[in-house]
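>>> Take this sequence and fold it.
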Amino acid sequence: MTKILFVCHGNICRSPMAEFIMKKLVKDAGRENDFVIESAATSTEEIGNDIHRGAREKLTQKGIPFTKRHARRITADDYAEFDLIIGMDVENLYYMQREWNKDPDDKIKLLLTYTGKDRDIADPWYTGNFDDTYNDLLTGCSALLKTLL
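You can find the predicted model right below:
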């Protein structure tokens, strides 16, 4: 079983969107029993809040099922618990490496590196552009799943 943790700044936009996109992709592939997929934040700003309204609207529009949830911050235990810890931007990577002593087991990755691109996924909380964020997340999650299968 592969355990994946998607991480962004607040855990209300990008990382929960990635979580639910990936869950749908693995279900569609008939592999949902082979994965545990969760998401978390690097900050405490949104702890306890549900998915951002814009993210919920985009997931609904694209037919991606999701559940009510509460944003949470990464913990020290997450590093041991998860096989892959996937950040949305280099700032996320910085804070995760700080939290987990510079990633000694090489678990921390930037999502779009699986697509051959070395760039961030823009935060729609700031940009308001959930379309581009969704497209990047779908592309990244699809490439990640292809790599893992």
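>>> Determine how far stretch 44-51 lies from the middle of the whole chain.
15 Å (Cα atoms, centre = their mean, to the nearest Å).
>>> Also stretch 128-145?
Taking Cα atoms, centre = their mean, one finds stretch 128-145 lying 10 Å from the centre of the chain it belongs to.
>>> Now do the strands in the protein.
If DSSP state E is used as the criterion, the strands of the chain fall at 2-8, 35-41, 84-87, 108-110.
>>> closest to Lys27 out of those strands?
Lys27 sits nearest to strand 35-41 of all the strands of the chain, at 9.4 Å, using Cβ to Cβ. The way it works is simple: take the backbone N, C-alpha and C, and place the C-beta from them, glycine included.
>>> ok, and what's touching that closest one?
1-12, 15-16, 18-19, 22-23, 26, 47, 71-75, 78, 82 (Cβ atoms under 8 Å, 6 or more residues apart in numbering).
>>> Which among the residues you listed count as buried?
Burial by neighbour count, 16 or more other Cβ atoms under 10 Å: within the contacts of strand 35-41 this picks out 4-12, 15-16, 18-19, 22-23, 26, 71-74, 78, 82.
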